[in-house]
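Engineer: What shape does this take:
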Amino acid sequence: MRRNKSNDRKIAGLLSFCVGVGCLLTACSPKQSLPSIAPSTAIFDQFTYTGEDEFYQTNPLPDSNYFYNPILAGWYSDPSICTNGQGDYFLVTSTFTYYPGVPLFHSRDLINWKQVGHVLDRPSQLVNMEGQDVSGGIFAPAISYNPHNQTYYMVTTNVGAGNFFVKTKDPFGSWSDPIMLPEVGGIDPSFFFDEDGRAYIVNNDDAPNNKPEYDGHRTIRVQEFDPETDRTIGPRKILVNKGAHPEDNPIWIEGPHLYKIKGKYYLMSAEGGTGDYHSEVIFRADSPMGPFVPWKGNPILTQRHLSNQRTNPITCAGHADLIQGPAGDWWAVFLACRPINHLFENLGRETFLLPVRWSEDGFPYLTQGDEVIPQLVKCNHAQRNDSTYLSGNFEIVDNFDTDRLDLTWMTLRAPVTDLSLTQYPGYLMLPCGESSAAEKKTPSLVCRRMQHHKFTCTTRMLFHPSNEQEAAGLLLFKNETHYYFMGVNRHDNGLYISLWQTGEEGNRLLAEQPLVDQTQAIDLKVVSTGMVYDFYYAETEGQWKSLCKQVDARYLSTAQAGGFTGSTIGLYAVKQK
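Structural biologist: You can find the predicted model right below:
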């Protein structure tokens, strides 16, 4: 999405296009009036996003052997990783109710990643999404490769449908429709393919006999799986009850992964929930069916006991997955958060990468004692490619000059079927939707993750609402009850630029200004300083006017709004009710 293209060429093309259909345009400005052929439709000319986090500005990477943590900045939670043993590594993360589901990343060295698609990229793979809130949907995907049939598997939980998996022999291509796993309860299933050809599914499930002794009492269970019939076989067995230290009543053991390393079986799971008490623990056995013994040094990853006032704190670390790197060493991907000023975060749970160390008694670990998770990490086996826009500060410019949206764009629950990139090439045409972002449906919204605390985002929009209900502009979205919307709307026989805050009690107007020229396009800008958002607009290119400043960013944080996702920002058109 890093593109540069002359807007003059686009405007000239729009002039020719509109003249051809008999539209009346004013040629005195580089921005033109809305074509009359597009009633109730917003036309977006360009979208830019520029990360401006101070950490990256003041901490340059020493050389090309270093990389930044997180490796996937912004809301990329619950990472899982696999390799085919031939130098290809694939990584997936959760998407909850966003569409497409489960972004798929590829690397040859674990350091340089590129998104190559989505595993769940058609509606038939994402059933029953309507009616689920933003933090429902797809939980904790786990990706695995079975060398015995040369097939990749992705197994996950759809909160509205149950546990299922999809598979493919070509991860760069399409994946199968969902194959349900009705015998596997709970959440967070993961495949393990053993050297002898046998396969297993481990997952988080209810307490024994469905009688929890306390809130958060869960188990890890295992069941054998037959790759030839795509069905589970044999009995289900509890591998872990409560957690690594059951005498302490640990909560929410989940996200399990099973490995075989040097003849031993390792079971790794998250504990402590998804907040500040998050951690990762490890067990070992001589059989995939156990019994599994916890390591005396557990947890193998956590930051929960460290001071909240430490410099550049990283919190909520856990939900890890192990992988052997191209040099034979071991690494782990995991999720963690970066709160702003020790207070809150809007970016969600991000994907981090660290080398794995091994204890004298043969257990893998990432942190011990008061060790902090570093944001600058050295990798001796690979060199960083600076072309990525997945970590560090970067700028994205999307001029909408292709026939499909870039892979980083998302919608909610299903595709927005009536948007167009081809009706007039070089523009995104987004009709006003009947559903709003406050409803558990599919609003007319295309958005991307916020990936920095400090950023600047702009767009240029042509929009001429036909009534007082229609509005279009930029949406800053956390969930159905926490978002900001800066948009153009009509009332009192004129056009206004307005800023609304949506909460559990409805919409609240924070600011509005009349637009002087009712036929021109408008530029919109949001500047985030981490703690607050500033909103601007320009009726003449480059002449920014303040709409509203010092708008509380905490309103979109997990600390205030709850949920499992981070915040997104995007383009939105709606018929407000």
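
Engineer: Strands along the stretch 101-250 of the chain, start to end?
Structural biologist: Using DSSP state E, counting those that start in this stretch, the strands of the stretch 101-250 of the chain run over 101-107, 114-120, 138-146, 151-158, 162-168, 179-180, 187-193, 199-205, 219-226, 231-241.

Engineer: so which strand or helix has residue 457?
Structural biologist: For residue 457, the element it lies in under DSSP states H and E is strand 454-462.

Engineer: Pull out the buried positions in that strand.
Structural biologist: Across strand 454-462, burial judged by 16 or more other C-beta atoms under 10 Å covers 454-462. To be clear about C-beta, it is placed using only N, CA and C from the backbone, and glycine gets the same treatment.

Engineer: between those residues, which is nearest residue 527?
Structural biologist: Set against residue 527, the nearest of the buried residues of strand 454-462 by C-beta to C-beta is residue 456 (5.2 Å).

Engineer: My guess is that closest one contacts residue 525. True?
Structural biologist: Yes - with contact defined as C-beta atoms under 8 Å, residue 456 reaches residue 525; the gap is 6.8 Å.

Engineer: related to what we said a few turns ago, so what's the gap between the very next helix or strand once past the strand holding residue 457 and the chain middle?
Structural biologist: As assigned by DSSP H and E, the chain's next helix or strand after strand 454-462 is strand 470-479. Distance of strand 470-479 from its chain centroid, counting by C-alpha atoms, centre = their mean, to the nearest Å, is 18 Å.

Engineer: What mean pLDDT does the helix or strand that strand 470-479 is followed by get?
Structural biologist: For strand 470-479, the following helix or strand on the C-terminal side (DSSP H and E) is strand 482-491. The pLDDT scores in strand 482-491 average 96.

Engineer: So in that sheet, which strands flank strand 482-491, and in what orientation?
Structural biologist: strand 470-479 (antiparallel), strand 494-503 (antiparallel) (DSSP bridges).

Engineer: Return the most buried member of those strands.
Structural biologist: Ranked by mean neighbour count, those are led by strand 470-479 with a mean of 25 (mean count of other C-beta atoms under 10 Å).

Engineer: okay, that strand in CSV with CA atoms only?
Structural biologist: What follows is strand 470-479, C-alpha atoms only, in CSV (Å, rounded to 0.1, in the frame of the first residue of the first chain):
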residue,chain,number,x,y,z
GLU,A,470,-26.5,10.5,5.5
ALA,A,471,-23.0,11.1,6.7
ALA,A,472,-19.5,10.0,5.6
GLY,A,473,-15.9,10.5,6.7
LEU,A,474,-13.3,9.0,9.1
LEU,A,475,-14.2,6.5,11.8
LEU,A,476,-12.0,5.7,14.9
PHE,A,477,-13.5,2.4,16.1
LYS,A,478,-13.0,0.2,19.2
ASN,A,479,-16.4,-1.5,19.4
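
Engineer: could I get the buried residues of strand 454-462 as CSV with pLDDT and distance to residue 409?
Structural biologist: CSV is the format used below for the buried residues of strand 454-462 (pLDDT from 0 to 100; distance: C-beta to C-beta, whole Å):
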residue, pLDDT, distance to residue 409
454, 98, 22
455, 98, 17
456, 98, 19
457, 98, 14
458, 98, 16
459, 98, 13
460, 97, 17
461, 96, 16
462, 93, 19
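
Engineer: Which single one of those residues is nearest to residue 394?
Structural biologist: Within the buried residues of strand 454-462, the smallest distance to residue 394 is 10.1 Å, found for residue 455 (C-beta to C-beta).

Engineer: Quick one: residues contacting the closest one.
Structural biologist: For residue 455, the contact set (C-beta atoms under 8 Å, 6 or more residues apart in numbering) comprises 49-53, 527-528.

Engineer: Tell me the bridge partners for it.
Structural biologist: As for beta bridges, residue 455 partners with residue 51, residue 528 under DSSP bridges.

Engineer: ok, so what distance separates residue 566 from residue 479?
Structural biologist: 11 Å (C-beta to C-beta, to the nearest Å).

Engineer: With residue 51 instead?
Structural biologist: 23 Å.

Engineer: just residue 570 next, same as before
Structural biologist: Applying C-beta to C-beta, the value for residue 570 to residue 479 is 14 Å.

Engineer: ok so, going back, in TSV, list the buried residues of strand 454-462 along with distance to residue 95.
Structural biologist: Shown next, in TSV, are those (distance: C-beta to C-beta, whole Å):
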residue	distance to residue 95
454	25
455	21
456	26
457	21
458	26
459	23
460	28
461	27
462	31
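
Engineer: Nearest to residue 200, out of those: which one, please.
Structural biologist: residue 455 (43.1 Å).

Engineer: Setting aside sequence neighbours, what's the nearest residue to residue 203?
Structural biologist: residue 189 (4.0 Å; C-beta to C-beta, 6 or more residues apart in numbering).

Engineer: pretty sure the one you found contacts residue 201?
Structural biologist: Yes - judged on C-beta under 8 Å, residue 189 makes contact with residue 201 at a distance of 5.2 Å.

Engineer: Need the residues touching each of those two.
Structural biologist: 155, 181.

Engineer: so where do the helices sit in this protein?
Structural biologist: Along the chain, counting by DSSP state H, helices occupy 7-20, 54-58, 558-561.

Engineer: How is this structure divided into domains?
Structural biologist: 7-53+393-575, 61-378 (automatic domain parsing).

Engineer: Output the strands paired with strand 482-491 in TSV; the columns should cover mean pLDDT and distance to residue 562.
Structural biologist: TSV is the format used below for the strands paired with strand 482-491 (pLDDT from 0 to 100; distance: least, C-beta to C-beta, whole Å):
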stretch	mean pLDDT	distance to residue 562
strand 470-479	98	8
strand 494-503	96	13
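
Engineer: Need those strands in a markdown table (columns: distance to residue 274).
Structural biologist: Formatted as a markdown table, those follow (distance: least, C-beta to C-beta, whole Å):
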| stretch | distance to residue 274 |
| --- | --- |
| strand 470-479 | 15 |
| strand 494-503 | 23 |
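
Engineer: lowest-confidence helix or strand of this protein?
Structural biologist: Lowest mean confidence among the helices and strands of the chain (mean pLDDT, DSSP states H and E): helix 7-20, at a mean of 43.

Engineer: For residue 572, give the beta-bridge partners.
Structural biologist: Where residue 572 sits in a bridge, its partners, by DSSP bridges, are residue 445, residue 473.

Engineer: what's the nearest residue to residue 104 if we skip its chain neighbours?
Structural biologist: Leaving aside its sequence neighbours, residue 104 is closest to residue 117 (5.0 Å, by C-beta to C-beta, 6+ apart).

Engineer: follow-up on the earlier one: mind checking which of the domains of the chain is nearest residue 386?
Structural biologist: Closest to residue 386 of those is domain 61-378 (C-beta to C-beta; 8.2 Å).

Engineer: Can you show me the CA trace of stretch 51-63 as PDB?
Structural biologist: Extracted C-alpha coordinates of stretch 51-63, given in PDB (Å, rounded to 0.1, in the frame of the first residue of the first chain):
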ATOM      1  CA  GLY A  51       3.300   6.300  12.300                       C
ATOM      2  CA  GLU A  52       5.200   8.700  14.500                       C
ATOM      3  CA  ASP A  53       6.000   6.900  17.700                       C
ATOM      4  CA  GLU A  54       8.900   8.400  19.700                       C
ATOM      5  CA  PHE A  55      10.500   5.100  20.600                       C
ATOM      6  CA  TYR A  56      11.400   4.400  17.000                       C
ATOM      7  CA  GLN A  57      12.600   8.000  16.400                       C
ATOM      8  CA  THR A  58      14.900   7.900  19.400                       C
ATOM      9  CA  ASN A  59      16.000   4.200  19.200                       C
ATOM     10  CA  PRO A  60      17.200   3.500  15.700                       C
ATOM     11  CA  LEU A  61      18.200  -0.100  15.000                       C
ATOM     12  CA  PRO A  62      22.000  -0.600  15.400                       C
ATOM     13  CA  ASP A  63      22.400  -2.600  12.200                       C
END
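
Engineer: Now it: buried residues?
Structural biologist: 51-53, 55-56, 61.
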